[in-house]
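Q: here is my input, please return the structure:
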Amino acid sequence: MSLYPMSMTSGTQSSGITRLSSRTHALDESFLTKYLEGATRYRRIAGYFTSSMFEVAGEAIMNIPRVEIVCNADVQPEDLRVAKVAQAKLMGKWNEHSDLETDALFNRKRYQQLADFLTRGHTIKVAPSSNCGFVHGKAGIIDLADGRKIGFIGSMNETSSGWRHHYEILWADESPEGVAWIEAEFDYLWRNSAFLPDAVTNEIRRRTKRHEVSLPEIEKPEQVAPAALVESPMYREGFTLQPWQQGFVTETLKHYRAYGVVRLLLADEVGLGKTLSMATAALTLSLLEEQEGKARPTVIFAPATLCEQWQTELIDKLGIPTARWSTLHKGWLNSQGMLISGTGTHNITECPLRIGIISTGLMVRDSDEKQRLLDRRGEYGLVVLDEAHKARTMVAPGSAPDKDNKLLSFMKKIAGQAKHVILGTATPIQTRREDLWDAMRILHQGKGRFVLGEGLSRWHHPSEVVDLLSGVAHIGQAEKAWAFVKTPLPPVEATNEPKARQLYNLIRSELGLSEDTFYCDPPLVTLDEDIQDVLQDALDEEVNGASFFQRENPFVRHIVLRKRSSLENAGLLPRIAVDIHPDIARVGDEHGFRGLFDGIGLRVDDDYRVAYEAAQDFGKALASRGRGSGFMKNLMEQRICSSIHAGISTARKLLEGDVIADEEDEQEAFAQIDTGSGAEIEALETLIARLGEVREDPKLNAIQFYLDSEGWLALGCIVFSQYYDTAAWVARSLAARYPDEPIGLYAGAGKSRLFLDGNSVSAERENLKLMVAERKIRLMIATDAACEGLNLQTLGTLINVDLPWNPTKLEQRIGRIKRFGQTRDRVDMLNLVNHGTVDERVYERLSERMRDRFDLFGALPDTIKDEWIDNIEDLGEEMDKYIDAQKRETGFDIRYNATLEPDDDTWSECSKVLSRRDFRDLMSRSWNGKRSTTDQSQSELI
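A: The predicted model follows:
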């Protein structure tokens, strides 16, 4: 083999090998074009999958009958097993370092070429990085028309830079052994790769047609949401709204057309992402209002613990900046916690951004802010209430009528001042079937008078219709049924049932009713016989075992309810089992387990027991002065049950006169003791002294036992606590025990951290999520700020270090790992409670009612009430009453299986994109109609 260069035109050749350099040759012309012309097959080991893949070789490649390319995508093999995860990973990597807007315009021809290539049946596969590392080697095999093959090694994919501008060296080999060697390398990568997901090819086609439009140019209401959100942060990361979330937007638009205003209650079961569903609907309505030339305020009411979560979801997922009212500062905060308004209660009606988020805690007491919101001049464009079941009637003793609680009273008033109203709750029925009317009466206010009908409508009275709704009672005669049909008389578009549509259309035509009229008076006998016959036929017909009024009533028209089981049956959610721990039958190290646990509770020493008694004494001392109720009642018991650290920290703060804010109660309660009270001081001092004698928290030992002895660390684990103090302590403690293990602490704004090698740094939540997704972090500690919108399917186990008296939160927590992309058929959940505490007694009752390992919590209530705790023996009975009430309501969700998915999946293919300028202008408009100039708010709009 000659090592000396031959002529400049032919390159260096020896024994079938041709050596070429970009220094001496135009590689694309001297090699690639020459051999690809007329070739019958082309196999290529490329680098990253990019839009520039066929920039140079495009025309020649298009005419080759068979082309196969394997790319590197820095994706783990576990991720490639699930199509949705694979597409998310690839899309996220693709957009990671690109400016999508300029890239789509600047490289439009590249995308068109790539789209043409894929539509011709050519194949691209992606290689997981763990199988082959980063694919630095570039090679290919070209099958020539005369039957010969030539293999080559070198160059940077098929890019101009690689072939023309960079310094590149290329070796081409026609020898059989040389070609066979490259083929073997290609075949190995090809076998261990996955096909490019359809979603990626759809995005390529979308970018060939992408162009920005202003809001007035969006003609159809269905196009508004995808135009605004198809390039939002979650879509750029490769994730999408779930089909049923898009379906809720579809349902919102149906109401918008049918009624002119929207009145909906979203009652999806726990863990199905109601926040994003309602947020997307809210954005859609805001944009439609803007198209009409109106920019009215949107206000979201949520419990104090969820306000920051709402704000984070909207900015992190949808790119929507919002302002959150701070009760402490009496001003508006952006998602970074920075004040972006003046201070003072009067500012609550002058939100500097289009969407404002306010705690319902202010609405359950006679606050100045509440009154100012009610006195504000002008209509609200949209009012959203999360956890709507907290607005309810209070059952009065004896024969006295039920009384609205303060939140329900406020919501009725504010809904009367709003054009659109959306309510959200996973538990519309608490303990009585009549609970459902509380939410419906909110929707019925103001412009929503069509919801339950005119004043004489039978639908206002639970005693008259509840059995009709549940199927216990049945109306078979048209004359009797007429009273339930004529008010509210729905629009024809309010139903998809042909018989019902025919009936409503005939009535409206006969009486000449306008589209905005939703009741009629005449007796049925005065109407055309066709109407009477159609009504009778409808009454005689059953659909899926449901009678006419189970399918056609105000409740199914205004309540959207989708069940997890329906989504699983439709293949939209994975069916993953959950194994519950502690359970001695499920551990490998029985001896170690018995040393830690006494049944389901952790063993504690005498010091802890005395400290726990002191926590109870503290509550009793407060009660003796009339202060031991609500938040204060169980304050120290819950904190000491969470962790020894939280118990000591809370007690010290109280002794120092600090104010402790309730992290759970929607009333935004605060605790502060009277430092002159001897009994309270003595109890707290005893608690601190005895907890200080506890050498090690048993919960920490239990966590380490499962991480090490039971192998949960290798499976990946998230540890949840309801209190930041406990979560931060667990993170620091585990970081000390596992110094070489990266550990994330995922908490509220500004509190998240990353621990490694004895050090810790502040970390952005998005970076922590990315590190978990890329399997760089396999141990995450989190507060309930991580309960919504956080995808942790790379982790296979979960530990609840404390027990929230709220089964809804437990369901939300397990939903972080029980989701698409989870490679385990069964995941594990450990619940830690200390022996002899109220937590242990609550958990005993709760665990008895976990229905099965797939539908873990079923119909359990969202909150275990204080009065149930008072008499722990009655706790199980109270929960059973709730479950029975839920089971009786079987007719409300029949209609909405049809909206598990949107009518047309136009989101991923939306090429008309709302310009960011329009989006910024809209979201920056304050409640007084002016555009915000706040620097902080502007920075969030990118």
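
Q: please make it C-alpha for all contacts and neighbour counts, starting now.
A: Noted.

Q: what mean pLDDT does the helix or strand in which residue 199 is found get?
A: Here residue 199, judged by DSSP states H and E, is contained in helix 198-209. For helix 198-209, mean pLDDT rounds to 79.

Q: and it, how far out from the chain's middle?
A: Remark: helix 198-209 is offset 24 Å from the chain centroid, using C-alpha atoms, centre = their mean, to the nearest Å.

Q: from here on, call the first residue 57.
A: All right, first residue 57 from here; so that's helix 254-265.

Q: who are the packing partners of the helix or strand following it?
A: Following helix 254-265 in sequence order, the next helix or strand is strand 267-269 (DSSP H and E). Applying 3 or more C-alpha pairs under 8 Å, 6 or more residues apart in numbering; DSSP states H and E, one finds that strand 267-269 makes contact with strand 968-970.

Q: ok, the strand it packs on: who's next to it in the sheet?
A: strand 267-269 (parallel) (DSSP bridges).

Q: C-terminal to the strand it pairs with, what's the next element?
A: Sequence-wise, the next helix or strand downstream of strand 267-269 (DSSP H and E) is helix 280-285.

Q: check which residues of the helix holding residue 255 are buried.
A: Buried residues in helix 254-265, defined by neighbour count with 16 or more other C-alpha atoms under 10 Å: 255, 256, 257, 259, 260, 261, 262, 263, 264, 265.

Q: what lies in contact with it?
A: Contact partners of helix 254-265, identified using C-alpha atoms under 8 Å, 6 or more residues apart in numbering, comprise 143, 146-147, 160, 164-165, 167-168, 170-171, 174, 964-967.

Q: closest one to residue 736 out of the buried residues of helix 254-265, please.
A: Nearest to residue 736 among these, counting by C-alpha to C-alpha, is residue 255 at 61.7 Å.

Q: ok, the closest one to residue 421 distance?
A: Shown here: residue 255 relative to residue 421, a distance of 50 Å by C-alpha to C-alpha, to the nearest Å.

Q: likewise for residue 807?
A: According to C-alpha to C-alpha, residue 807 and residue 421 sit 30 Å apart.

Q: pull the lengthiest strand in the chain out as PDB, backbone CA atoms only.
A: Ordering each strand of the chain by length in residues (DSSP state E) puts strand 122-131 first. Only the C-alpha atoms of strand 122-131 are listed here, as PDB (Å, rounded to 0.1, in the frame of the first residue of the first chain):
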ATOM      1  CA  ARG A 122     -33.600   1.900  -0.800                       C
ATOM      2  CA  VAL A 123     -32.000   4.200   1.700                       C
ATOM      3  CA  GLU A 124     -31.400   3.300   5.400                       C
ATOM      4  CA  ILE A 125     -29.800   5.700   7.900                       C
ATOM      5  CA  VAL A 126     -29.000   5.100  11.500                       C
ATOM      6  CA  CYS A 127     -28.500   8.200  13.700                       C
ATOM      7  CA  ASN A 128     -27.300   9.000  17.200                       C
ATOM      8  CA  ALA A 129     -30.000  10.700  19.300                       C
ATOM      9  CA  ASP A 130     -28.500  10.500  22.900                       C
ATOM     10  CA  VAL A 131     -31.600   8.500  23.900                       C
END
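
Q: one step back: just the CA trace of the helix holding residue 255, in PDB.
A: Extracted as PDB, the C-alpha positions of helix 254-265 are listed here (Å, rounded to 0.1, in the frame of the first residue of the first chain):
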ATOM      1  CA  ASP A 254     -44.300   9.400  13.500                       C
ATOM      2  CA  ALA A 255     -44.600  12.500  15.700                       C
ATOM      3  CA  VAL A 256     -41.100  13.500  14.600                       C
ATOM      4  CA  THR A 257     -41.900  13.100  10.900                       C
ATOM      5  CA  ASN A 258     -45.100  15.100  11.500                       C
ATOM      6  CA  GLU A 259     -43.100  17.900  13.100                       C
ATOM      7  CA  ILE A 260     -40.800  17.900  10.000                       C
ATOM      8  CA  ARG A 261     -43.700  18.300   7.700                       C
ATOM      9  CA  ARG A 262     -45.200  21.000  10.000                       C
ATOM     10  CA  ARG A 263     -42.000  23.100   9.800                       C
ATOM     11  CA  THR A 264     -42.100  23.000   6.000                       C
ATOM     12  CA  LYS A 265     -45.400  24.900   6.100                       C
END
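
Q: for stretch 166-185, the averaged confidence score.
A: 75.

Q: oh sorry, the question was meant for stretch 985-998
A: Stretch 985-998 shows a mean pLDDT of 48.

Q: same question for stretch 443-457.
A: The average of the pLDDT scores along stretch 443-457 is 72.

Q: swap in stretch 78-90?
A: 73.

Q: quick one: the strands in the stretch 707-856 of the chain, in order.
A: Using DSSP state E, counting those that start in this stretch, the strands of the stretch 707-856 of the chain run over residues 716-717, 726-727, 773-776, 799-802, 809-812, 815-818, 835-838, 853-856.

Q: what pairs with the third one, parallel or antiparallel?
A: So the one you mean is strand 773-776. Applying DSSP bridges to the sheet, strand 773-776 is found paired with strand 835-838 (parallel), strand 853-856 (parallel).

Q: point out where the stretch 857-998 of the chain drops to low pLDDT.
A: Residues of the stretch 857-998 of the chain that meet the criterion pLDDT under 70 lie in 861-864, 875-877, 902-962, 986-998.

Q: which strands border the longest strand of the chain, and is each parallel or antiparallel?
A: strand 97-104 (parallel), strand 179-184 (parallel).

Q: show me what the helix or strand where residue 704 lies is packed up against.
A: Per DSSP H and E, residue 704 falls inside helix 700-711. Applying 3+ C-alpha pairs under 8 Å, 6+ apart, one finds that helix 700-711 contacts helix 691-698, strand 716-717, helix 734-748, helix 780-793.

Q: can I get these in CSV with mean pLDDT, mean neighbour count and distance to residue 900?
A: Compiled in CSV, the helices and strands packed on helix 700-711 are given as follows (pLDDT from 0 to 100; neighbours: other C-alpha atoms under 10 Å; distance: least, C-alpha to C-alpha, whole Å):
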stretch, mean pLDDT, mean neighbour count, distance to residue 900
helix 691-698, 88, 24, 15
strand 716-717, 64, 15, 28
helix 734-748, 91, 19, 25
helix 780-793, 95, 20, 23
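
Q: Serialize those to a markdown table and add fields for distance to residue 390.
A: Compiled in a markdown table, the helices and strands packed on helix 700-711 are given as follows (distance: least, C-alpha to C-alpha, whole Å):
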| stretch | distance to residue 390 |
| --- | --- |
| helix 691-698 | 30 |
| strand 716-717 | 21 |
| helix 734-748 | 37 |
| helix 780-793 | 21 |
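
Q: which stretch among the ones you listed comes nearest residue 672?
A: Checking the helices and strands packed on helix 700-711 against residue 672 by C-alpha to C-alpha gives helix 691-698 as the closest, at 6.4 Å.

Q: the strands in the stretch 407-556 of the chain, which residues?
A: Secondary structure of the stretch 407-556 of the chain (DSSP E, counting those that start in this stretch): strands located at 411-415, 436-442, 449-450, 459-460, 474-480.

Q: the ones you listed: lowest mean pLDDT?
A: strand 449-450 (a mean of 82).

Q: chain center to it, what's the gap?
A: On C-alpha atoms, centre = their mean, the centre of strand 449-450 falls 31 Å from the chain's centre.

Q: next one: stretch 887-898
A: Counting by C-alpha atoms, centre = their mean, stretch 887-898 is centred 30 Å from the centre of its parent chain.
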